[in-house]
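Trainee: make a model of this:
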Amino acid sequence: MKIAIVSPYATVAPHFEAELEIAQQHLDAGDEVLLMSCEGQLSNCDFNVDREESRCVDCRGRREHGHDLLSPRCKVYSLETTQEIVVPQFASLQELIDWKVDSFDVGYAALSSLVSVCRDPEPDLVKHANLLQKFIESALATWQQTLKFIERNRPDRVYVYNGRFAAMRAVFRACQQLGVECFLHERGCDLNHYDYSENHLLHDIAAVDAVIRKRWDDADPENREADGASWFEDRVARVERNWHSFTKEQQAGLLPEGFDSSKRNVSIFCSSDDEFVAIGDAWRNTLYPNQVEAIAAIAESMLTADPETQLYLRVHPNLKAVNNERKRQMMALDFPNLTIISADATTDTYALMNASDLTVTFGSSVGMEAVFWGKPSVLLGPCLYQDLGGPVRSHSHEETVSLLCGDVEVAQDKTGALMYGHWFQTRGYRYEYFEAASLFEGKFKGEVVHDRKAAQLAGKKKSGLFSRFR
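Mentor: Just a heads-up that it's a prediction; the model follows:
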């Protein structure tokens with residue numbers, strides 16, 4: 001079997017080490033492994049958006065060290081720009097989203113990278129024109145080179161990180177166009193696991209739904225429910241398994257000031273929508289234009305439909321450091337029946353969920369967590385768990401208001417929630433050669449992968465060997 005690993009991005013841990021792991025396991029199986037990466041030729045990457053030369057040098061040094069640790073050695077190819085990239089002017093975000101080159105949705109890909117850097121679901125295309133240009137150039141160059149690489153070398157399977165961002169999605173779409181398997185790797189259930197999706201984006205709702213169900217069906221029936229439940233329990237306990245806990249700094253049991261349990265209280269948990277706005281059309285909310293307009297419409301309608309109900313908006317903690325127009329509009333919402341809890345507030349998300357009569361989400365995991373903990377849950381947007389059952393999904397604003405005014409039944413069947421939790425708690429494959437020390441550190445084959453030349457230079461300077469050049 002011939003395997004190719006394409007890396008159009010900086011060698012950040014643990015993703016680069018995951019690629020080394022994948023390569024070594026295939027080498028152990030007797031497969032041929034080809035490596036193709038950027039050696040500083042691309043306009044930028046998602047981990048070096050301004051193409052700082054020092055970071056490029058460090059990246060190349062780390063990559064060289066990592067490749068040296070593979071046994072046997074692999075053939076290494078370099079991504080290169082092949083022709084001048086002409087980028088059109090976009091009058092709107094929709095024009096950018098709609099722009100394709102052959103089968104490559106380059107507009108969506110570039111926008112995904114742009115919003116992730118800017119942390120803005122509606123970035124100013126004029127203000128960020130230069131950065132957008134770089135992402136598009138890198139994406140199209142990667143697209144062109146990957147097509148040529150596949151046609152020349154005919155790999156049976158290609159691996160690339162994540163697939164959502166500009167150049168990474170270019171690799172995925174090139175594989176799709178030429179009918180080659182493409183596995184998109186990411187973090188697994190904890191620091192000791194990596195995972196990959198087979199021929200679909202990691203946020204492909206239908207594909208992930210099938211993966212969740214299959215993993216549940218294949219699991220030991222005696223253990224799968226306990227595994228699923230443990231994910232929800234870990235969330236409340238602020239256990240950090242494969243990423244930061246966004247509720248870690250919250251004060252356990254703390255409710256918003258003035259919370260009146262004698263009233264009907266509805267809590268709305270918003271999402272950091274810049275993470276999902278540029279994945280694809282399946283993530284478009286057909287119910288509301290965006291979360292801010294949704295919350296405003298709900299608060300206004302509830303003033304008439306049920307003025308005694310108090311709404312609490314828990315702004316996602318991941319938006320703590322974000323300062324964009326969407327967030328400013330959200331924080332400026334002013335209705336007598338709406339209490340806004342800021343992203344940095346120490347109010348306990350889970351205490352608020354438990355004390356509320358109803359939980360409302362746009363796709364936040366809290367929507368399914370509420371189901372697990374026996375709380376009524378209403379879903380107002382697309383998400384990975386939307387078809388697993390549990391939350392009641394609204395299909396119109398009128399239905400939303402009706403649900404918020406009525407008695408939403410608690411889901412009696414928690415299978416969907418347990419399936420969701422089980423997937424998160426068990427997903428992935430255990431590393432054999434990489435040992436993680438933290439979220440962004442670890443050793444591959446017992447060594448920290450680093451730029452050895454830079455380290456040697458630093459050591460000589462420290463020892464005084466370069467004192468005559470000072």
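Trainee: can you show me the strands along the stretch 301-450 of the chain?
Mentor: For the stretch 301-450 of the chain, the strands defined by DSSP state E, counting those that start in this stretch occupy 310-314, 338-341, 358-361, 377-379, 392-393, 429-430, 434-438, 441-444.
Trainee: quick one, which of those is nearest to S230?
Mentor: strand 429-430 (17.4 Å; Cβ to Cβ). The C-beta positions use only the backbone N, C-alpha and C, and glycine is treated the same way.
Trainee: now that closest one, how far from the chain's geometric center?
Mentor: Computed by Cα atoms, centre = their mean, to the nearest Å, the chain-centroid distance of strand 429-430 equals 19 Å.
Trainee: mean confidence for it?
Mentor: For strand 429-430, mean pLDDT rounds to 98.
Trainee: strand partners (parallel or antiparallel) of that strand?
Mentor: Using DSSP bridges, the strands paired with strand 429-430 are strand 193-198 (antiparallel).
Trainee: buried set for the next helix or strand after the strand it pairs with?
Mentor: Counting by DSSP states H and E, the next helix or strand C-terminal to strand 193-198 is helix 205-218. Buried residues in helix 205-218, defined by neighbour count with 16 or more other Cβ atoms under 10 Å: 205, 207-209, 211-212, 216.
Trainee: closest to E122 among those residues?
Mentor: For the buried residues of helix 205-218, the residue nearest E122 by Cβ to Cβ is I205; the value is 22.3 Å.
Trainee: just give me the residue closest to the centre of the protein.
Mentor: By Cα atoms, centre = their mean, the chain has its centre lying nearest to E275, at 6.3 Å.
Trainee: thought T426 was touching D195?
Mentor: No - counting by Cβ atoms under 8 Å, T426 sits too far from D195 to count as a contact (10.1 Å).
Trainee: any idea which helix is longest in the protein?
Mentor: Counting by DSSP state H, the longest helix found in the chain is helix 129-153.
Trainee: which parts of that helix are buried?
Mentor: So, applying 16+ other Cβ under 10 Å, buried residues of helix 129-153: 131-132, 134-147, 149-150.
Trainee: who does the helix or strand just after that helix pair up with?
Mentor: Sequence-wise, the next helix or strand downstream of helix 129-153 (DSSP H and E) is strand 157-161. Sheet partners assigned to strand 157-161 using DSSP bridges are listed as strand 2-7 (parallel), strand 181-187 (parallel).
Trainee: quick one: find the helix or strand in this protein with the lowest mean pLDDT.
Mentor: Within the chain, no helix or strand scores below helix 452-463, which has a mean of 56 by mean pLDDT, DSSP states H and E.
Trainee: ok, back up a step: tell me the most buried of the strands paired with strand 157-161?
Mentor: Ranked by mean neighbour count, the strands paired with strand 157-161 are led by strand 2-7 with a mean of 24 (mean count of other Cβ atoms under 10 Å).
Trainee: so what does the helix or strand that that one is followed by touch, helix or strand wise?
Mentor: Helices and strands here follow DSSP H and E; after strand 2-7, the next one along the chain is helix 15-28. Here helix 15-28 touches strand 2-7, strand 32-38, helix 53-68, strand 157-161, strand 181-187, strand 193-198, strand 434-438, strand 441-444, going by 3 or more Cβ pairs under 8 Å, 6 or more residues apart in numbering; DSSP states H and E.
Trainee: of all those, which one comes closest to D46?
Mentor: The nearest among these, by Cβ to Cβ, is strand 157-161 at 9.3 Å.
Trainee: any idea how far the closest one is from the chain center?
Mentor: The chain centroid and the centroid of strand 157-161 are separated by 17 Å under Cα atoms, centre = their mean.
Trainee: neighbouring contacts of that strand?
Mentor: 1-9, 15, 18-19, 22, 146, 150, 168, 171-172, 175, 180-186, 196 (Cβ atoms under 8 Å, 6 or more residues apart in numbering).
Trainee: what do you get if the cut-off is 6 Å, keeping everything else the same?
Mentor: 3-6, 15, 22, 168, 171, 175, 180-183, 185 (Cβ atoms under 6 Å, 6 or more residues apart in numbering).
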